[in-house]
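**Q** No sequence on hand, only this structure:
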């Protein structure tokens, strides 16, 4: 995400970090907002070129822990034998342990809150000039909720997503697949639609597709999602997509 | 946050409590009763949906509570309020009168709930009925 003032904010640090890093101009600062430390959300971090450029300050934000700091936890991956460098070698990187709350990044108001997913996992709500982007890539709001989606006060993620102009949300499973994966921390298509409708978002971008779903299967699924006639727009999350929010 | 939502830790606690067969009671950080499960409904003598949630002011006197011998129990010794005010676990035997008018002897264990980042979120309590 690029703010109006040009600040680059990266949402999670997956495999796309390598390509993104190669295209970062000599910015003064890049902020990386990590939702949680599952490998698919941090595996690209060591390969993000600005991490190794002393002229670029990189701020890495991630969920707070009761035991170790964010840098200590990331050091388990960013250290030999898994990686040749250690976190302490990255002098231009600043790590922030993020408790639920709101902070500011160059005029962009960022609200972080814990959401339903195995292990402490944050979702983010970013607001600038009245426009809101909410990012909930790994989220199971319907877990153990027989009355979902009829009770917003008791629904994970509602506060972050309510009224957002643009929601990027977990869309991993078909309804049939979800029945075999309850508690895995992800959403079914039906739950996704219900959550987006309950929160009243403007546009929904499907994200965190199941890696076993082919492009054809995803295309067919999105045809069915759009055919449900929701009041919000549905955009398929695709590699390299560029959107103006 | 712009719109009111319970902290996810409390959401997950309520989900767990709703599946358990032991009576569970939840208060938020301000002392409002925000949930009790079906097992607790049997002890408290009323369904949660009929009376809850109950704000902290209305909660005082909603159930009559005494010590096991029937003598008065100061509010500050009630385990739920101990956990709320002192943010420490608390346990004791009590008698109380449910909204169905029945007096019951129970043991109450209350735990303060602290979320990530040291946020005090409320109290979780369980009631265990014992021989009167």
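**A** In hand now; what should we look at? Model, not experiment: these values are computed from the prediction.
**Q** make it CA atoms for all contacts and neighbour counts henceforth
**A** Fine.
**Q** Residue B:104 contacts residue B:96, correct?
**A** Yes - using CA atoms under 8 Å, residue B:104 is in contact with residue B:96, at 5.6 Å.
**Q** Given the lengthiest strand in chain B, what are its sheet partners and their directions?
**A** Secondary structure of chain B read by DSSP state E shows that its longest strand is strand B:103-115. For strand B:103-115, sheet partners with direction are given as strand B:90-97 (antiparallel), strand B:119-129 (antiparallel), following DSSP bridges.
**Q** Flag every buried residue along the longest one.
**A** Taking 16 or more other CA atoms under 10 Å in any protein chain shown as the basis for neighbour counts, the residues of strand B:119-129 that come out buried are B:120-127, B:129.
**Q** Going along the chain, name the helices of the chain.
**A** You didn't say which chain, so I picked chain A. Taking DSSP state H to define them, one finds helices in chain A at A:17-22, A:39-42, A:70-75, A:158-161, A:175-179, A:189-199, A:215-227.
**Q** wait, chain B
**A** Under DSSP H, chain B gives helices at B:8-19, B:38-44, B:48-51, B:56-59, B:79-86.
**Q** what's the least confident stretch among these?
**A** Mean pLDDT per stretch puts helix B:56-59 lowest among the helices of chain B, at a mean of 85.
**Q** I'd like the distance from that helix to the chain centre, please.
**A** Its chain's C-alpha centre and that of helix B:56-59 lie 12 Å apart, by CA atoms, centre = their mean, to the nearest Å.
**Q** got the contact list for it?
**A** Helix B:56-59 is touched from outside by B:30-33, with contacts defined as CA atoms under 8 Å, 6 or more residues apart in numbering or on different chains.
**Q** what's the weakest-modelled helix or strand in chain B?
**A** Using mean pLDDT, DSSP states H and E, the weakest-scoring helix or strand in chain B turns out to be helix B:56-59, at a mean of 85.
**Q** what residues does chain A put near chain B?
**A** Taking CA under 8 Å from any CA of the partner chain as the test, the list of chain A residues beside chain B reads A:64-66, A:99-100, A:111, A:114-116, A:143-145, A:152-156, A:158-160, A:162.
**Q** Which of those are buried? Put it as a ChimeraX command.
**A** Buried residues among those (16+ other CA under 10 Å), as a ChimeraX selection:
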select /A:64,65,99,100,111,114,115,116,143,144,145,152,154,155,156,158,159,160,162
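**Q** mind listing which of the residues of chain A next to chain B are in strands?
**A** Counting by DSSP E, these contribute A:111, A:114 to strands.
**Q** Now do the contacts for the residue most central in space within chain B.
**A** With distances taken as CA atoms, centre = their mean, the residue of chain B nearest its centroid is residue B:25 (3.7 Å). By CA under 8 Å, 6+ apart, the contact set of residue B:25 is B:33, B:35-37, B:40, B:124-126.
**Q** Whichever residue of chain B sits closest to chain A and residue A:184: what is the separation?
**A** Taking CA to the nearest CA, chain A has its nearest neighbour within chain B at residue B:5, 4.3 Å off. Relative to residue A:184, residue B:5 is positioned 22 Å away (CA to CA, to the nearest Å).
**Q** okay, these two: which has more neighbours?
**A** Between residue B:5 and residue A:184, counting by other CA atoms under 10 Å in any protein chain shown, residue B:5 is the more crowded of the two (19 against 15).
**Q** Can you tell me the closest non-neighbouring residue to the residue of chain A found nearest chain B?
**A** As assessed by CA to the nearest CA, chain B sits closest to residue A:153 within chain A, at 4.3 Å. Once flanking residues are discounted, residue A:153 sits nearest to residue B:5: 4.3 Å by CA to CA, 6 or more residues apart in numbering or on different chains.
**Q** what do you get for residue A:126?
**A** Once its chain neighbours are removed from consideration, residue A:126 has its nearest residue in residue A:110; the separation is 4.6 Å (CA to CA, 6+ apart).
**Q** and the one you found, how many residues sit next to it?
**A** Neighbours of residue A:110 (other CA under 10 Å): 19.
**Q** Quick check: it touching residue A:123?
**A** No - here residue A:110 lies out of contact with residue A:123, judged by CA under 8 Å, at a distance of 10.2 Å.
**Q** got a list of what residue A:97 touches?
**A** Applying CA under 8 Å, 6+ apart, the residues contacting residue A:97 are A:61-65, A:69-70.
**Q** Swap in 7 Å and give it another go.
**A** Residue A:97 is in contact with A:61-64, A:69-70, counting by CA atoms under 7 Å, 6 or more residues apart in numbering or on different chains.
**Q** who does the nearest residue in space to residue A:123 that is not next to it in sequence bridge with?
**A** Closest residue in space to residue A:123, ignoring its immediate chain neighbours: residue A:136 at 5.0 Å, by CA to CA, 6+ apart. Taking DSSP bridges, one obtains residue A:169 as the residues bridged to residue A:136.
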